[in-house]
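Q: Got a predicted structure here, sequence first:
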Protein chains: 6
Amino acid sequence: MRPSGRNLSDMRPISIETGVMRHAEGSCLIRCGETHVLCTATIEDKAPPFLKGSGQGWVTAEYGMLPRATNSRNRREAAAGKQTGRTQEIQRLIGRSLRAGVDRRALGERQIVVDCDVIQADGGTRCASITGGWVALRLAVNKLIQAGLVSSDPIIDHVAAVSCGVYAGQPLLDLDYAEDSEAGTDGNFVMTGGGRLIEVQMSAEGSTFSREEMTQLMDLADSGIAALVAAQKAALA
Amino acid sequence: MRPSGRNLSDMRPISIETGVMRHAEGSCLIRCGETHVLCTATIEDKAPPFLKGSGQGWVTAEYGMLPRATNSRNRREAAAGKQTGRTQEIQRLIGRSLRAGVDRRALGERQIVVDCDVIQADGGTRCASITGGWVALRLAVNKLIQAGLVSSDPIIDHVAAVSCGVYAGQPLLDLDYAEDSEAGTDGNFVMTGGGRLIEVQMSAEGSTFSREEMTQLMDLADSGIAALVAAQKAALA
Amino acid sequence: MRPSGRNLSDMRPISIETGVMRHAEGSCLIRCGETHVLCTATIEDKAPPFLKGSGQGWVTAEYGMLPRATNSRNRREAAAGKQTGRTQEIQRLIGRSLRAGVDRRALGERQIVVDCDVIQADGGTRCASITGGWVALRLAVNKLIQAGLVSSDPIIDHVAAVSCGVYAGQPLLDLDYAEDSEAGTDGNFVMTGGGRLIEVQMSAEGSTFSREEMTQLMDLADSGIAALVAAQKAALA
Amino acid sequence: MRPSGRNLSDMRPISIETGVMRHAEGSCLIRCGETHVLCTATIEDKAPPFLKGSGQGWVTAEYGMLPRATNSRNRREAAAGKQTGRTQEIQRLIGRSLRAGVDRRALGERQIVVDCDVIQADGGTRCASITGGWVALRLAVNKLIQAGLVSSDPIIDHVAAVSCGVYAGQPLLDLDYAEDSEAGTDGNFVMTGGGRLIEVQMSAEGSTFSREEMTQLMDLADSGIAALVAAQKAALA
Amino acid sequence: MRPSGRNLSDMRPISIETGVMRHAEGSCLIRCGETHVLCTATIEDKAPPFLKGSGQGWVTAEYGMLPRATNSRNRREAAAGKQTGRTQEIQRLIGRSLRAGVDRRALGERQIVVDCDVIQADGGTRCASITGGWVALRLAVNKLIQAGLVSSDPIIDHVAAVSCGVYAGQPLLDLDYAEDSEAGTDGNFVMTGGGRLIEVQMSAEGSTFSREEMTQLMDLADSGIAALVAAQKAALA
Amino acid sequence: MRPSGRNLSDMRPISIETGVMRHAEGSCLIRCGETHVLCTATIEDKAPPFLKGSGQGWVTAEYGMLPRATNSRNRREAAAGKQTGRTQEIQRLIGRSLRAGVDRRALGERQIVVDCDVIQADGGTRCASITGGWVALRLAVNKLIQAGLVSSDPIIDHVAAVSCGVYAGQPLLDLDYAEDSEAGTDGNFVMTGGGRLIEVQMSAEGSTFSREEMTQLMDLADSGIAALVAAQKAALA
């Protein structure tokens, strides 16, 4: 049995509450168990300079964590004067993942910035950020459509992410912090609503893994993503 | 009439929800109208180096704002690589204000860090941070008392803060963003539950002010602080 | 009696020497007792970007302190790689205070930068910076008038600042470093030549204060500002 | 056919020259086609603070690129004042990968720093860094063994890395820069000499990918890693 | 004739006023024509870490310039967040030069920090900083001697510096800003009271120079240093 | 006899290999004994902003050292977040020296950036950077000439640099690291192919020096520069 007492393929309860931020063009609060992430999408009229004149837009992401989101207080990055390598790696992943679900030509020369701020952390914050960030993005794009600013929907498909790992020789889905700390291997799968892969990141954190284990993890990820996409649909309904 | 339609001495609705963060020793979400601040208090076993061997503790504060707390997105300070002068000024004010309500000798050689993160902003975020920060501090100190780690209560009195300003020649209490932007003079009063002054900061932002106006603002502040202290007591009851 | 031996309402000797810097458009060396601040005003042809096309100008300030201005050496901020929160707070205050005495439309789309560098410190450096900074600003604006670059005088009134505090239950005017270190409450009043308030900043630094004390401090400030404005007039005569 | 004219499963020529740096405990210059990386390993007597007293050692990596390693000059990170997110991500990957092949208890409380500096870049620099970095690490550990400073070999197995991608619907092995720029999907596999997985990082860079493609890429990676491990063995023979 | 109208081997008027800073262990204001530098020496009880246990002390220097020391305002380095390469080069030169005149073993394990702050600049600020910095250092060391903290005088000899250059084919002594801007070659000589060389820095700034010119410059430097050392002696008498 | 066993006026073996970098407009690897520096020249279409419209170009340099170029590992400047004062001083020297050999008007409004990266260090890295940097610059300028982008050759003369020092009372040429560490005086001479001086930098690093010694060092430098210029010619032949 896994530390959380869940079955190997059990997800934590998922809740996605939309429209939680009065100023943002799109927003949601996603809760995956005790991991809570506030996601907002901001529409900017200009694309980044490298796209000037290209007719294409951009989607980017920033990630942060409140100092006391975790069990012991983390130093505030703004006070430290820089973002850690971990933060940069995560926000690059979120941005890449969301862009994979967007037709940037249909978006036109504008930028959407997705901010993912972890209010409370219990493992899987980057996955929750992607899954919730997509909902905020979807809502912001809806505003563009309603305002007639885009002529076709720039959103190609749902994008969602889930973590998997190998713990005591068993493949697990959706690890919480305690499980993540002890897993020999863990990582994340980002996928589309249609089941195609966007990003696979799997790391040995103590013991290496086999191709058979990799296959088992991909099966778990398939089922996890299906549940997350269903939650996205329910939240937007 | 003021922009918000409120009477000159009307406060916005106040709500203080405690225990909202699972990991922090003390926490609350304070809402003053559409200004929402998440406050947590973290107890650290060590006082800062300059107090080593003094037998006294310290209370400090950090302040942040989510990028999309405001109508247009603000640059994330962690990404910019430094805190603005405004942020530093605010967090120094919060720390000073809370320390004024604490017996640092009774606290012993430990530090309490109060984090105030603005989730949504509509004017008065520094005042809400002080008022909510005090509730988080009170809750964290209660844990120290319950654990027998302090022999007498280090909290001397309530600490709360309210903004005032002069708008179109009229003194106003508890300005929202629209009022703050147009006030010729505005500022903040930090006071104790007993009605003594901790901090007065009043600035001409376009037109200077008279001693008579200063007196009217102090009267307004007295009534505002009384309402805030009552809300603190209700939240802790 | 107060530590300095002065009477409660006594100011330190004030000296303002103008034209001390060969290159600056306006300059003075102000001495308030052992606190010496070199103030220069630089006229820049362009206003900051946010004022482009507005027809209005800007006045801003920067503040610094030589490393050995104080009893023990302070780390040089340029070497540390950033200005402290205290420095930023002070220079924001100086800039705000001076702008309150300027008609920015009459100034036209240009910027005046007032640099206040503390050569020697003995308490009250931010007040001396405001009082001396105004003289440098006045001299620089005189050059604009003489050159026919402005059609009406952009200076509305004198601006000066003085510190006050409560020490051993007594209100004091113009605190030196030793007094400032031991005062339970202290702060600064910035006022116009006409006696109107620009900025009030009063902080409990150990003990809170009452409205009666606040009133006494404002009375002291009135008399202190009158003396400083007289010194400004004498220096410019 | 692929842009380079190679067959889909063809690797570029691999050359690993050891002992190229006179001062380092271990060093090599690895050439994968036109990608050239200089790798050095430095033994430090102390482990990082978080391992103090643990009896375990650490392996970490730093990555850099000469400004003119690429077709157009890149800004020197030392001059820019910070490492990019990309650099940090790569050096974290190299460190994690090498640690997966080390018994940190057998290493004892010391640290080995592996520096990977790209002299010339033509795609696949992070993979070449891992493959060459392992050779430098192996040589440095040999010195520890020869000096009797470790009682058993801390190296568990070879570690090597290869890139794969999908280009025009075809899976490719060992992409050069031109191929990497146009691939719809690409990523890296880090594996042991025994064929177990250490790290899988696969990203959609324009088009998503299927599980079938993922399987084909893993097959290609298996063959690529075998060739790289053979080259490592030959270089060390 | 040279731009300043001086003869080729004429120095500007030199004035050295000692004891100008109330807090510093040693201080002077040196004026070389319109170049004015405030120099202070601070005694610190500890030597830098790399000298711990060596029985030797250290002398170091820091250099700064007020923003309006020059004809147009320079950006404040503290605001820019770093010292320029020029500043670092100058303060390294001052420190090296002063150390060359000190017996660091006789000084004992302490550090003297010499701060040179340019109040007004008209060429030759680094030379004035060395010449004035030595006077501040001498005064601070006198306090060590008077207090019986050193058993023999750590000062070996005077240290002074002068600039030279080639302008319109003529060798010049002690260049002011206008001359420095137009000289084809210029540089600095740092020498002891006994006429030995400490530092020679000569640069072609537009036209290269011959060995004959180098010899002429060294002759000029000899006479300039003699005048500066005489001024140091007079100031200390 | 000197530590290296060489005669006082012996240079180390010089090797200059050109065209070592595939992407750069000019490149070489210069080896002066065990000091190896990789030099590249990059042509940029635009001159720096301060030359806009002047019709003149610019040559600048950047300098770096691989972390393990030295006997013990140096901290990577990119990781430290800034270049040391030493690095800045060296790269300013390289840039100034190379500019002295260039007709910037003939170069036209473009910039050439010379990167000097020390692969292995054994004393004299700044001199090797200048000598090798000139070769890279020469090769890049040749490309401009071949492409008809300049109408006359912007290169005026060779530029080369050599170190000298006084060790145990004897003048030495071309010091290696061991000699440099123990020399009482050392420094660098930068000269043209025609034997004119560009830069003289001589420092007392423990004992001062006389004019006679200075003359001896200049004689040594003459012979060293001649050997280096011959090596430059051979490499370019």
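A: Received, thanks. None of the values given here were measured: they were computed from a predicted structure. Numbering: from 1, shown residues only, chains lettered A, B, ... in the order given.
Q: what's near enough to touch the one residue in chain A that gets nearest to chain E?
A: Nearest residue of chain A to chain E, counting by Cβ to the nearest Cβ: A:G81, 9.9 Å away. The way it works is simple: take the backbone N, C-alpha and C, and place the C-beta from them, glycine included. Residues counted as contacts of A:G81 (Cβ atoms under 8 Å, 6 or more residues apart in numbering or on different chains) are B:G81, B:K82, C:K82.
Q: In TSV, list the residues you listed along with secondary structure, distance to D:D180 and pLDDT.
A: What follows is the contacts of A:G81, written out as TSV (DSSP: H, G, I helix; E, B strand; the rest coil; distance: Cβ to Cβ, whole Å; pLDDT from 0 to 100):
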residue	secondary structure	distance to D:D180	pLDDT
B:G81	coil	30	90
B:K82	coil	35	90
C:K82	coil	39	91
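Q: Which of those sits closest to D:Q146?
A: Among the contacts of A:G81, B:G81 lies closest to D:Q146 (Cβ to Cβ), at 45.5 Å.
Q: if I look at that closest one, how far off is B:D117?
A: From B:G81 across to B:D117, the span is 19 Å (Cβ to Cβ, to the nearest Å).
Q: measure A:A147 to B:E109 for me?
A: Counting by Cβ to Cβ, the gap from A:A147 to B:E109 is 58 Å.
Q: Specify which residue of those two has the higher count of neighbours.
A: Each of A:A147 and B:E109 has its neighbours counted (other Cβ atoms under 10 Å in any protein chain shown); B:E109 has more, 18 against 9.
Q: quick one: secondary structure of the more buried one?
A: Three-state assignment for B:E109 (DSSP: H, G, I helix; E, B strand; the rest coil): coil.
Q: Check it and give its pLDDT.
A: pLDDT for B:E109: 97.
Q: go on, A:R2?
A: Confidence score, pLDDT, at A:R2: 88.
Q: Identify the spatial nearest neighbour of the most centrally placed residue in chain A, chain neighbours not counted.
A: Centroid check for chain A by Cα atoms, centre = their mean gives A:I130 as the closest residue, at 1.3 Å. Spatial nearest neighbour of A:I130, chain neighbours left out: A:A161 (3.9 Å); criterion: Cβ to Cβ, 6 or more residues apart in numbering or on different chains.
Q: isn't that neighbour right up against A:R126?
A: Yes. Using Cβ atoms under 8 Å, A:A161 is in contact with A:R126, at 7.1 Å.
Q: residues contacting the spatially closest residue to A:S9 that is not a sequence neighbour?
A: Spatial nearest neighbour of A:S9, chain neighbours left out: A:L173 (5.1 Å); criterion: Cβ to Cβ, 6+ apart. Residues in contact with A:L173 (Cβ under 8 Å, 6+ apart) are A:L8, A:S9, A:D10, A:M11, A:V162, A:S163, A:C164, A:L220, A:A221, A:S223, A:G224.
Q: would you turn those residues into a markdown table with distance to E:E205?
A: What follows is the contacts of A:L173, written out as a markdown table (distance: Cβ to Cβ, whole Å):
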| residue | distance to E:E205 |
| --- | --- |
| A:L8 | 74 |
| A:S9 | 74 |
| A:D10 | 74 |
| A:M11 | 71 |
| A:V162 | 64 |
| A:S163 | 62 |
| A:C164 | 65 |
| A:L220 | 69 |
| A:A221 | 65 |
| A:S223 | 72 |
| A:G224 | 68 |
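Q: And the buried ones among the residues you listed, selectable in ChimeraX?
A: To isolate the buried ones among these in ChimeraX, judged by 16 or more other Cβ atoms under 10 Å in any protein chain shown, type:
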select /A:10,11,162,163,164,220,221,224
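Q: still on that earlier bit, near the residue nearest to A:I130, how many residues? Count them for me, please.
A: Number of residues near A:A161 (other Cβ under 10 Å) recorded here: 28.
Q: Quick check: bridge partners of the residue nearest to A:S9?
A: With DSSP bridges as the criterion, A:L173 is bridged to A:C164.
Q: What distance do you get for it to chain F?
A: To chain F, A:L173 is 37 Å away according to Cβ to the nearest Cβ, to the nearest Å.
Q: tell me the contacts of the closest residue to A:Y167 other than its chain neighbours?
A: In this structure, A:Y167 finds its nearest non-sequential neighbour in A:A183, 4.6 Å apart by Cβ to Cβ, 6+ apart. Shown in contact with A:A183 (Cβ under 8 Å, 6+ apart): A:G165, A:V166, A:Y167, A:L172, A:L175, A:E205.
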